[in-house]
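# for reference, the sequence and a predicted model appear below.
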Amino acid sequence: MERTRFARSGPGCRAVVRAPSDALGLIDGPERGFLRLVALYFLCSFAVLTLLGGDGPARLWSVLLSLPEIALQVFEGAAVFLVGLAVPLAFLRNGAGRSRAGGAVFVALAGTLFHLTFLTIKTSLPDIVPFFADPALSRFDSWLHGGIAPWELTHGLLAGVPAWIFERLYIDVWIVVIFCFPVVVTLADGDARRRARFFALYVFVWVGIGNVLALAGMSVGPVYHDRLTGLDVFGGLDTALAASGIAATYTGALQDTLWSLYVDGQNSAASGISAFPSVHVAMTTLVALYIFERVPRAWPLSLLLVLGYLVMSVHLGWHYAVDGYASILLVGAVWGVLRRVSRSRETLFSA
């Protein structure tokens, strides 16, 4: 948001002078709010990990010190996607996005710190609340689908689809998008209120769904259910993952690695496990709602995105279907509330 102040330049005359920070065009209102919450999230996370003990605070501090190096790696990995910024920039009419280019850099750096802090906290969630919800979630999932486990439905419908397609979409594409989409929004959207809603929901998905609500339903997901409980409920899923070739891909190796790290008590970077609710589906829902809000006629694309990632989260064994359903309902409800609120008052993100 642009602020001005008035300075008297002569008798009866006033000249409009831009505030120094806005003259630089670095950080607009919604982006300032995002940076404030990222800093607050980091400080609160540091306090929580300090109370828990262990090496959590040291790991989080090392994240902060290594931020420039890690950010460079992230930018390099996202190079292909960033080239595609020419597409959203084509929607600009008055160059407003170009004036926010500096702010986009700060958003990228803050987003990197935000995600690394989230991953550090995620590895510590079982230290706060042990896993307990898997038996109830698996039973409810089966009951909700007429006594059939959702993974059985997906592996029946998608038999023959190459495993690498799911892996590329669910891991590679998704990771690039969640890192880069806030930058795209900063550059390509001239509506400050809409950007404010996006960043508010972005924080809600990671912190509200990925941290707070995850504690309320601590679970490991179908692929780990039997390893955690000692029961034989998802033996068929293991067989299906092997038969489809998924177990032999990076996804299968990652699932085994994460479980080994959990069993060994090693809280390395990005080693956390939590299924309910699904952050993958929640973030996809956020992106889909944003696309729908910008281009209402693109609702089929938005719907396809949400359904696609919901199905993949089940098909790959990461999530119960109810994990995704909960995420869709939560993000949709908060989005609706924020739309009403943003019409009536200013928020932290629009200040």
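Thanks, I have the structure now. Residues are numbered from 1 along each chain as shown.
# against Ile128, how distant is Ala58?
Counting by C-beta to C-beta, to the nearest Å, the gap from Ala58 to Ile128 is 18 Å. No exception for glycine: its C-beta is placed from N, CA and C like everyone else's.
# what do you get for Leu157?
Separation of Leu157 from Ile128 (C-beta to C-beta): 38 Å.
# please say which of the two ends up with more neighbours.
Set Leu157 next to Ile128 and count neighbours by other C-beta atoms under 10 Å: Ile128 wins out with 14 against 11.
# contacting residues for the closest residue to that one other than its chain neighbours?
Distances taken as C-beta to C-beta, 6 or more residues apart in numbering put Leu215 closest to Ile128, at 6.1 Å, once the chain neighbours are dropped. Contact analysis of Leu215 by C-beta atoms under 8 Å, 6 or more residues apart in numbering lists 125, 128-129.
# quick check: Leu215 vs Ser138, distance?
Going from Leu215 to Ser138 by C-beta to C-beta gives 19 Å.
# now the helix or strand hosting Met312: average pLDDT?
Per DSSP states H and E, Met312 falls inside helix 299-315. Helix 299-315 shows a mean pLDDT of 95.
# the helix or strand just after that helix packs against which elements?
With elements assigned by DSSP H and E, the helix or strand that comes after helix 299-315 is helix 321-344. Judged by 3 or more C-beta pairs under 8 Å, 6 or more residues apart in numbering; DSSP states H and E, the packing partners of helix 321-344 are helix 134-144, helix 192-203, helix 279-294, helix 299-315.
# in TSV: the ones you listed, plus mean neighbour count.
Below are the helices and strands packed on helix 321-344 laid out as TSV (neighbours: other C-beta atoms under 10 Å):
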stretch	mean neighbour count
helix 134-144	17
helix 192-203	23
helix 279-294	23
helix 299-315	19
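# among the ones you listed, which is nearest Leu35?
helix 192-203 (9.7 Å; C-beta to C-beta).
# re earlier: what sits up against the helix holding Met312?
By C-beta under 8 Å, 6+ apart, the surrounding residues in contact with helix 299-315 are 150-151, 154-155, 158, 166, 169-170, 174, 222, 246, 278, 280-281, 284-285, 287-289, 291-292, 319-321, 323-325, 328.
# with just CA atoms, put that helix into PDB.
The C-alpha trace of helix 299-315 is given here as PDB (Å, rounded to 0.1, in the frame of the first residue of the first chain):
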ATOM      1  CA  TRP A 299     -12.900 -23.400 -11.800                       C
ATOM      2  CA  PRO A 300     -12.400 -26.700 -13.600                       C
ATOM      3  CA  LEU A 301      -8.600 -26.400 -13.200                       C
ATOM      4  CA  SER A 302      -9.000 -25.500  -9.500                       C
ATOM      5  CA  LEU A 303     -11.200 -28.500  -9.000                       C
ATOM      6  CA  LEU A 304      -8.800 -30.800 -10.900                       C
ATOM      7  CA  LEU A 305      -5.900 -29.600  -8.800                       C
ATOM      8  CA  VAL A 306      -7.600 -30.300  -5.500                       C
ATOM      9  CA  LEU A 307      -9.000 -33.700  -6.600                       C
ATOM     10  CA  GLY A 308      -5.700 -34.700  -8.100                       C
ATOM     11  CA  TYR A 309      -3.600 -34.100  -5.100                       C
ATOM     12  CA  LEU A 310      -6.200 -35.600  -2.800                       C
ATOM     13  CA  VAL A 311      -6.200 -38.800  -4.800                       C
ATOM     14  CA  MET A 312      -2.300 -38.900  -5.000                       C
ATOM     15  CA  SER A 313      -2.000 -38.400  -1.200                       C
ATOM     16  CA  VAL A 314      -4.000 -41.500  -0.800                       C
ATOM     17  CA  HIS A 315      -2.600 -43.500  -3.700                       C
END
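# thinking again about what came up before, helix, strand or coil for the residue nearest to Ile128?
helix (DSSP: H, G, I helix; E, B strand; the rest coil).
# from here on, call the first residue 27.
Okay, residue one is now 27; in that scheme the one you just asked about reads as Leu241.
# got a pLDDT number for the residue nearest the centre of the chain?
Centroid-nearest residue in the chain: Met309, 4.7 Å away (criterion: C-alpha atoms, centre = their mean). Looking at Met309, its pLDDT is 95.
# tell me which residues touch it, please.
Met309 neighbours (C-beta under 8 Å, 6+ apart): 200, 204, 231.
# sec struct for Phe157, please.
Quick answer, by three-state DSSP: Phe157 is coil.
# do Ser300 as well
coil.
# the closest residue in space to it that isn't next to it in sequence: neighbour count?
Spatial nearest neighbour of Ser300, excluding adjacent residues (C-beta to C-beta, 6+ apart): Ala240 at 4.5 Å. Look at Ala240: counted by other C-beta under 10 Å, it has 23 neighbours.
# my read: Ala240 touches Ser150, true?
No. Here Ala240 does not reach Ser150: they are 11.3 Å apart, not a contact under C-beta atoms under 8 Å.
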